[in-house]
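[1] Could you work out the structure for the sequence below:
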Amino acid sequence: MKISTKGRYALRIMIDLAVYSKETCIPLKDISERQGITIKYMEQIMPLLTRAGYVKSFRGNNGGYKLAYDPKKYTVGQILRATEGSLSPITCIEDEPNRCMRYKECKTVQFWEGLRKVINEYTDSVTLADLIESDEE
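    Below is the predicted model of the structure:
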């Protein structure tokens, strides 16, 4: 499984907002400069984060973006799923219950389901706040 640039950048954007948007909204231009991400690419990511309810957007002179909640409320898994979709390592185990016609006789399905479980448990155990704190150490 590979996390795309969109997922990686979404995490960087969320960390930037957590660090810099305590009281005020942050314009995309400021995030772009700090993170080295083009505004054009950020304009593809921000609607995903906004639609998921993780980021609030504000228009006008003092407009921009800020987190909807405290950084402790976001997990890496939530952010990645908002931008990447499922974190399943293979497509045939994305559905629950599994609809694959070979599910009952598949000798590898338990392995793939175990891997999916490990991936989801790990990404859901790390919060945005954890990432910020590890950077400060």
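
[2] Look up how far Asp95 lies from Ala18.
    33 Å (CB to CB, to the nearest Å). All C-beta spots, glycine's among them, are computed from the backbone N, C-alpha and C.

[3] more crowded one of the two?
    Ala18 (21 against 12; other CB atoms under 10 Å).

[4] Confirm for me that that one is in contact with Pro71.
    Yes - using CB atoms under 8 Å, Ala18 is in contact with Pro71, at 4.1 Å.

[5] Common neighbours of these two, please.
    Shared contacts of Ala18 and Pro71 (CB atoms under 8 Å, 6 or more residues apart in numbering): Leu128, Ala129, Ile132.

[6] Tyr69: which element?
    Using DSSP states H and E, Tyr69 is not contained in any helix or strand.

[7] which residues touch it?
    So Tyr69 contacts Tyr54 (CB under 8 Å, 6+ apart).

[8] Secondary structure element for the residue nearest the centre of the chain, which one?
    Closest to where the C-alpha atoms of the chain average out (CA atoms, centre = their mean) is Ile79, at 1.9 Å. Using DSSP H and E, Ile79 falls within helix 76-84.

[9] who touches that helix?
    The set of residues external to helix 76-84 that reach it, using CB under 8 Å, 6+ apart, is 3-4, 6-7, 10-11, 14, 45, 48-49, 51-52, 54, 87, 120, 123-124, 126-128, 131.

[10] got it, and stretch 93-108?
    So stretch 93-108 is contacted by Ser86, Ser88, Cys92, Val109, Trp112, Glu113, Arg116 (CB under 8 Å, 6+ apart).

[11] if you set the cut-off to 6 Å instead, what comes out?
    Residues outside stretch 93-108 that contact it (CB atoms under 6 Å, 6 or more residues apart in numbering): Ser86, Ser88, Cys92, Trp112, Glu113, Arg116.
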